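>>> Got a sequence here, can you build the structure:
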Amino acid sequence: MTSVRFIKSALIICSLLAAFIPVLSTGCFQKKADVAQMKYHCPMHPTYVSNKAGSCPICGMDLVPINSAAAQNGNAKDIAVDPAMRQTIGAASIPAERRDLSRLIHAAAVIAPDERKQSVVSVRTSGYVEKLEADFSGRRVKLNETLCELYSPELVAAQNEFLLNTDATARKASRDRLVAWGMNVDEIATIEKEGSAHHSVAVHSPRDGFVVEKDVIQGQKVESGSTIFRIADYSTVWAIAALHQIDAVGIKVGTTATVRLDADPAHEYHGTITWIAPYLDTAALTLAVRIELHNTQDFTIRPGMTASVNIDCEMSHNMLCIPSQALIRTGLRSAVVIDKGEGDYEIRDVKIGSFADSLVEIVSGLSENEKVLIAGQFLIDAESSLREAATSMNTPVTTMDNADTMPPKVPDTLVKKTGNWYCPMDTEVRSDVQGKCPKCGMKLIKKK
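Numbers count the residues shown, from 1 in each chain. Below is the predicted model of the structure:
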């Protein structure tokens with residue numbers, strides 16, 4: 001009876017063991033498989049990858065584990081960086097946000113006269129300049145002020161004809177001829193009242209301003225149609241700014257601008273953009289923008305002066321943007337480094353839009369609140385490019401069968417200042433025996 005119970009107990013125990021052994025075996029193999037998935041590469045030759053730890057057969061340095069799961073799978077776009085390296089490269093990230101984009105455009109400008117406030121004075125009949133009032137260029141004149149007096153035989157004859165005509169129709173024709181030759185209504189009324197012709201008639205200024213050109217001297221004979229004066233009003237002036245073509249986006253008529261003269265940068269003058277050129281200067285590849293300014297009473301803003309212009313330009317609203325320093329531009333593509341957390345990063349191509357001061361608009365390739373690197377991203381992109389190059393060459397995974405046959409590291413006690421063997425990486429390491437560098441692990445090279 002006792003033997004029968006013993007046999008039953010043994011059968012039950014065997015059944016339980018048979019049930020648990022596969023589970024235990026599966027767990028063990030799973031751990032071995034996880035270990036087998038770990039890969040190693042050489043810090044000096046990253047294209048050399050191994051399935052187990054050891055030494056690089058090229059330079060002899062110790063292989064280091066590839067911690068990134070993405071790198072284990074061969075994805076060159078995903079990079080994993082350990083905390084120590086992140087601190088070394090100063091990695092910092094910031095989330096992508098939606099903001100209103102505006103930028104402050106800086107440009108150089110030249111002050112020019114308002115072309116709408118310039119006039120020329122031309123004589124309408126030949127004659128001689130008897131009295132010159134505006135006798136130098138730059139003289140300030142008022143509206144209807146006498147610039148000079150002109151003696152014209154033709155004009156004297158026309159005055160006498162007007163006085164002698166008694167017929168109303170003929171008298172009106174004579175009056176119209178005098179007006180056409182430059183006499184104003186008041187002067188005609190004066191000769192009509194006095195009953196005698198004037199020997200000379202006055203040439204008046206058509207506006208307030210300055211004499212900018214004087215092409216006549218005292219006693220000079222002038223022909224009909226010749227220009228003798230040019231008058232310019234500087235109460236308003238233009239600042240002609242030259243904008244780079246990249247700054248032309250968003251510029252509109254009516255935008256306010258601030259102008260500082262190079263001669264007096266402490267003072268600001270505010271104006272409005274009144275005109276934007278419809279074409280670029282083909283030589284300088286710049287866009288001309290006209291800013292209208294009201295001059296001071298003492299005409300401080302003088303044509304010909306140089307100035308600097310600041311234009312506050314509103315571009316777009318509620319646009320997804322990131323700091324421009326986070327953008328990696330190679331000429332062929334634009335990319336950012338996405339911070340996935342825990343040291344995992346992704347290189348992602350993006351499509352960019354407008355630039356606004358320190359921000360850049362992201363059209364596609366990035367979502368709101370995704371974090372992008374603003375420091376250290378170029379080093380990570382370089383690592384990604386290196387891996388991508390290695391992947392494109394189809395570099396095979398090499399098994400380190402010769403790891404145990406590599407020469408051992410030279411003990412520190414045998415490292416000397418002189419010797420026939422030296423490290424190509426740390427040249428101050430010298431030894432009398434063959435081996436590996438105790439600092440970097442590279443094979444020592446025999447001195448020739």
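
>>> Find the nearest non-adjacent residue to Val81, please.
In space, Val81 comes closest to Gly343 once its chain neighbours are excluded; the distance is 5.0 Å by C-beta to C-beta, 6 or more residues apart in numbering. For glycine as for every other residue, the C-beta is placed from the backbone atoms N, C-alpha and C.

>>> And for the one you found, the neighbour number?
16 (other C-beta atoms under 10 Å).

>>> Run a quick check on it versus Asp78, I expect a contact.
No. If you go by C-beta atoms under 8 Å, Gly343 and Asp78 don't touch, sitting 11.2 Å apart.

>>> so what's the residue nearest to Val81 up against?
Gly343 makes contact with Ala80, Val81, Asp82, Pro83, Arg86 under the criterion C-beta atoms under 8 Å, 6 or more residues apart in numbering.

>>> what's the distance between His267 and Ala307?
Distance, His267 to Ala307, using C-beta to C-beta, to the nearest Å: 11 Å.

>>> So which of those two has more stuff around it?
Ala307 (23 against 12).

>>> Quick check: which element contains the more buried one?
Here Ala307 is covered by strand 306-323, with elements defined by DSSP states H and E.

>>> Against which helices or strands is that strand packed?
Judged by 3 or more C-beta pairs under 8 Å, 6 or more residues apart in numbering; DSSP states H and E, strand 306-323 is in contact with strand 97-113, strand 236-244, strand 256-261, strand 351-356, strand 359-364.

>>> which one of the ones you listed lies closest to His199?
strand 97-113 (36.4 Å; C-beta to C-beta).

>>> about what we covered before: please report how far the residue nearest to Val81 lies from Asp349.
Gly343 is 22 Å from Asp349, by C-beta to C-beta.

>>> Doesn't Met85 belong to a helix?
Yes. Under DSSP: H, G, I helix; E, B strand; the rest coil, Met85 sits within a helix.

>>> Ser126 versus that one, what's the distance?
From Met85 across to Ser126, the span is 91 Å (C-beta to C-beta).

>>> What's the per-residue pLDDT of Ala19 here?
pLDDT for Ala19: 42.

>>> Domains in the chain, by residue range?
When the chain is parsed with automatic domain parsing, its domains come out as 1-31, 38-91+382-406, 92-114+235-375, 118-232, 407-448.

>>> Low-confidence bits of this structure, can you list those?
Along the chain, segments meeting pLDDT under 70 span 1-37, 47, 67-77, 380-381, 383-418.

>>> Okay, helices next: where are they in it?
2-37, 69-72, 83-89, 153-164, 168-180, 185-194, 377-392 (DSSP state H).

>>> Look at Ser200 and say how many residues are nearby.
17.

>>> ok, now how distant is the closest residue to Leu261 other than its chain neighbours from Ala84?
The shortest distance from Leu261 to any non-neighbouring residue, by C-beta to C-beta, 6+ apart, is to Ala307 (4.9 Å). According to C-beta to C-beta, Ala307 stands 53 Å off from Ala84.

>>> before we move on, what about Ala277?
Taken as C-beta to C-beta, the span from Ala277 to Ala84 is 56 Å.

>>> who has more neighbours, these two?
Higher neighbour count among Ala277 and Ala84: Ala277, with 15 against 7, using other C-beta under 10 Å.

>>> Leaving out the residues flanking it, which one is nearest to the more buried one?
Per C-beta to C-beta, 6+ apart, closest to Ala277 is Ala288, 4.0 Å.

>>> Now do the contacts for that neighbour.
Contact partners of Ala288, counting by C-beta under 8 Å, 6+ apart, are Ile240, Ala241, Ala242, Leu243, Ile276, Ala277, Asp281.

>>> Show me what it bridges to in the sheet.
Ala242 (DSSP bridges).

>>> Could you do the one 4 residues further on as well?
For Glu292, the beta-bridge assignment (DSSP bridges) gives partners Trp238, Thr272.

>>> I'd guessed it sits against Tyr269; true?
No. If you go by C-beta under 8 Å, Glu292 and Tyr269 don't touch, sitting 10.7 Å apart.

>>> neighbour-wise, which of these two wins?
Taking Glu292 and Tyr269 together and counting by other C-beta under 10 Å, Tyr269 has the greater number of neighbours (22 against 15).

>>> Count the residues that sit near the closest residue to the more buried one other than its chain neighbours.
With sequence-adjacent residues excluded and distances taken as C-beta to C-beta, 6+ apart, Tyr269 is closest to Val259, at 4.6 Å. Residue crowding around Val259 was assessed by other C-beta under 10 Å; the count is 23.

>>> Check Cys321 too.
The tally of other residues near Cys321 (other C-beta under 10 Å) stands at 23.

>>> ok now do it, which residues does it touch?
By C-beta under 8 Å, 6+ apart, Cys321 lies in contact with Ala96, Glu97, Arg98, Arg99, Leu101, Ala356, Leu359, Val360, Glu361, Ile362.

>>> any idea how far it lies from Arg103?
Cys321 is 11 Å from Arg103, by C-beta to C-beta.

>>> same question, Ala375
Plainly put, Ala375 is 23 Å away from Arg103 if you go by C-beta to C-beta.

>>> Name the residue in these two with the higher neighbour count.
Arg103 (19 against 14).

>>> How about that one: what's its closest non-neighbour residue?
Per C-beta to C-beta, 6+ apart, closest to Arg103 is Ala356, 4.0 Å.

>>> And Ala202, by the same measure?
Distance criterion C-beta to C-beta, 6+ apart; nearest residue to Ala202, sequence neighbours excluded, is Thr146 at 4.5 Å.

>>> Cys437 too?
Cys423 is the one closest to Cys437 (C-beta to C-beta, 6+ apart), at 3.9 Å.

>>> Can you give me the neighbour number for the one you found?
Applying other C-beta under 10 Å, we find 24 residues neighbouring Cys423.

>>> Torsion angles phi and psi at it?
Note on Cys423: its backbone torsions stand at phi -90, psi 130 [degrees, to the nearest 10].

>>> how far away is it from Ala134?
Between Cys423 and Ala134 the distance, using C-beta to C-beta, works out to 90 Å.

>>> again with Ala382
72 Å.

>>> of those two, who's got more company?
Each of Ala382 and Ala134 has its neighbours counted (other C-beta under 10 Å); Ala134 has more, 23 against 11.
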